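Visitor: Got a predicted model here, sequence first, then my questions.
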Amino acid sequence: MTKVGIIGNGVAATSAIRELKILDSEVEIDVFSDERHAFYPKPSLMEYVGGLRTEEEVIRYHRDWYENQGVNLYLATPVTHIDAGIRSLTTPSKMFTDYDSLLLAVGSYPFVPPFDGLDKKNVHVLRTFDDAIDIKNAVQGAGREIIVGGGILGIELAAGIKRIGGDPIVVTNVDKLLPIQLDGGASEILRMHLDKMGVTTLLGFTCQGVIGDDTAAGVVSSSGDSIDGDLVVIATGVRSNVELARKSNLSIRRGIEVDRYMQTSAPRIYAAGDCAECDGEWYGIIPWALETSRIAARNMIEHGSARFESFTSANTLKVAGIDLTSVGKAHVETPEYEQTISVDREKGTYYKVVTRDHKIVGGISLGNRKVAMRIRQLVAQNADITEIRGSVFEPE
């Protein structure tokens, strides 16, 4: 019987479990998580903070899901070391041995810049369900909530806080929101939508630290400007969890290095999801976790049976009626790329496709889900825009 150990319990881990059981219903699987909760999708945390889900509704797979599949689940059990030579792993209380293969699906952690005052009360990050519970409780007694970071997490969190009666402000050190996904035009339309919702955004504010005595009372910028607030959430991006791999002498760069079979530098040890980097590619999004975990699971059962070929990044944001999709090369500006853009400020829509040699390689849709679906389809097809340029933003 094949025996597999999985470290982590997020999207990549649970996706791998499903794939492994399809391929071999008899495979023995041990899953180790440093959290006390079973599996929940990370987007559900923002819905919980925003009052759209109860604590019970956040958890997607309870213990019985694992038991029904014959999976041994070890919660609140961090793995502290891997012996790559014999494929064993060590927890604080026990060593687990005799694995045919291991999967590192340890995800990412919040990147927190070296701000002053991070040790004050009411300064938070959002990574786990327990973090979300703490933030939601803190909002109840706060006058203003400051979210440092204008990425997807920061914006969705601000919208959730507003929904439960908070007064959030999003501050970012760059000149636009979602700088990885959007160009300046789309960012400005997004700011219009957020302003109508009552979510304030402040661009070009380089946070230097949290002010206050023992408890957060606001933030201060590098130029000395300050914003008052009773709750500060740092949402300045994520980094791959590579520490376990580092301690176990696996090759790492930005993430845990894997080949196109999702195998690390050690035979029969694989990585998938936010922690995995393949040929320089790394994404902290759910589609990446699903694709890499599927490939890893197949190769854990039969190495060489699945291979990573290519991946097109796509981000979707849905808050308070805002439909926003950014796919592929959405805001490159070098001469070999051309842009086709349609903006309607009254309707609050922004559409864009990016082409190279007349082929669509990326795009943005803000304000219409059907247009977003069309753009995603055209990017996936690498479609030629020549015959459809005049109707490219018309939903089918």
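Guide: Happy to help now that I have it.

Visitor: any chance you could map the strands in the stretch 51-200 of the chain?
Guide: Taking DSSP state E, counting those that start in this stretch as the test, the strands found in the stretch 51-200 of the chain are 71-74, 81-83, 88-90, 95-96, 101-104, 108-110, 123-124, 145-148, 168-171, 200-202.

Visitor: Now distance to residue 300, mean pLDDT and mean neighbour count too, for these, in JSON lines please.
Guide: Every C-beta, even on glycine, is put in place using the N, C-alpha and C of the backbone. JSON lines is the format used below for these (distance: least, C-beta to C-beta, whole Å; pLDDT from 0 to 100; neighbours: other C-beta atoms under 10 Å):
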{"stretch": "strand 71-74", "distance to residue 300": "14", "mean pLDDT": "98", "mean neighbour count": "18"}
{"stretch": "strand 81-83", "distance to residue 300": "15", "mean pLDDT": "96", "mean neighbour count": "18"}
{"stretch": "strand 88-90", "distance to residue 300": "15", "mean pLDDT": "96", "mean neighbour count": "18"}
{"stretch": "strand 95-96", "distance to residue 300": "16", "mean pLDDT": "94", "mean neighbour count": "14"}
{"stretch": "strand 101-104", "distance to residue 300": "4", "mean pLDDT": "98", "mean neighbour count": "28"}
{"stretch": "strand 108-110", "distance to residue 300": "22", "mean pLDDT": "95", "mean neighbour count": "18"}
{"stretch": "strand 123-124", "distance to residue 300": "36", "mean pLDDT": "97", "mean neighbour count": "22"}
{"stretch": "strand 145-148", "distance to residue 300": "39", "mean pLDDT": "98", "mean neighbour count": "26"}
{"stretch": "strand 168-171", "distance to residue 300": "41", "mean pLDDT": "98", "mean neighbour count": "25"}
{"stretch": "strand 200-202", "distance to residue 300": "44", "mean pLDDT": "97", "mean neighbour count": "18"}
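
Visitor: so which of those strands gets nearest residue 343?
Guide: With C-beta to C-beta as the criterion, residue 343 lies closest to strand 200-202 of the strands of the stretch 51-200 of the chain, at 18.9 Å.

Visitor: What pairs with that closest one, parallel or antiparallel?
Guide: Taking DSSP bridges as the criterion, strand 200-202 pairs within the sheet with strand 168-171 (parallel).

Visitor: Please state the offset of the partner strand from the chain centre?
Guide: Using C-alpha atoms, centre = their mean, to the nearest Å, the distance from the centre of strand 168-171 to the centre of the chain it belongs to is 20 Å.

Visitor: Could you export it as PDB, keeping only the C-alpha atoms?
Guide: Taking Å, rounded to 0.1, in the frame of the first residue of the first chain, the C-alpha atoms of strand 168-171 are listed here in PDB:
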ATOM      1  CA  PRO A 168     -12.000  51.600   7.000                       C
ATOM      2  CA  ILE A 169      -9.200  53.400   5.200                       C
ATOM      3  CA  VAL A 170      -6.800  51.600   2.900                       C
ATOM      4  CA  VAL A 171      -3.300  53.200   2.600                       C
END
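
Visitor: that older thread, export the strands of the stretch 51-200 of the chain as a markdown table, with columns for distance to residue 291.
Guide: Supplementary listing: the strands of the stretch 51-200 of the chain in a markdown table, determined by distance: least, C-beta to C-beta, whole Å:
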| stretch | distance to residue 291 |
| --- | --- |
| strand 71-74 | 22 |
| strand 81-83 | 24 |
| strand 88-90 | 25 |
| strand 95-96 | 28 |
| strand 101-104 | 14 |
| strand 108-110 | 16 |
| strand 123-124 | 31 |
| strand 145-148 | 30 |
| strand 168-171 | 30 |
| strand 200-202 | 32 |
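
Visitor: Output the longest helix belonging to the chain.
Guide: In the chain, assigned by DSSP state H, the helix with the most residues is helix 286-301.

Visitor: list the buried ones in it?
Guide: Within helix 286-301, the residues scored as buried using 16 or more other C-beta atoms under 10 Å are 286, 288-301.

Visitor: Between these, which sits nearest residue 362?
Guide: Minimum distance to residue 362 across the buried residues of helix 286-301 is 16.5 Å, recorded for residue 288 (C-beta to C-beta).

Visitor: ok, that closest one - contacts?
Guide: Contact partners of residue 288, counting by C-beta atoms under 8 Å, 6 or more residues apart in numbering, are 273-274, 282, 311, 313.

Visitor: got it, and residue 218?
Guide: Counting by C-beta under 8 Å, 6+ apart, the residues that residue 218 touches are 146, 210-212, 226-229, 232.

Visitor: Kindly give the local confidence score, pLDDT, for it.
Guide: According to the predicted model, the pLDDT of residue 218 comes to 96.

Visitor: Report the beta-bridge partners for it.
Guide: residue 211, residue 228.

Visitor: what stretches of this structure score poorly on pLDDT?
Guide: 319-320, 396 (pLDDT under 70).

Visitor: What segments of it are helices?
Guide: Secondary structure of the chain (DSSP H): helices at 11-23, 43-49, 55-58, 63-68, 129-139, 152-163, 184-197, 243-247, 286-301, 369-381.

Visitor: okay if I get those as CSV plus distance to residue 103?
Guide: Written out in CSV, the entries for the helices of the chain read as follows (distance: least, C-beta to C-beta, whole Å):
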stretch, distance to residue 103
helix 11-23, 6
helix 43-49, 23
helix 55-58, 24
helix 63-68, 15
helix 129-139, 22
helix 152-163, 25
helix 184-197, 37
helix 243-247, 12
helix 286-301, 6
helix 369-381, 28
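
Visitor: what's the spacing between residue 213 and residue 119?
Guide: Distance of residue 213 to residue 119, given as C-beta to C-beta, to the nearest Å: 12 Å.

Visitor: end-to-end on stretch 130-146?
Guide: The stretch stretch 130-146 measures 19 Å between its terminal residues, going by C-alpha to C-alpha, to the nearest Å.
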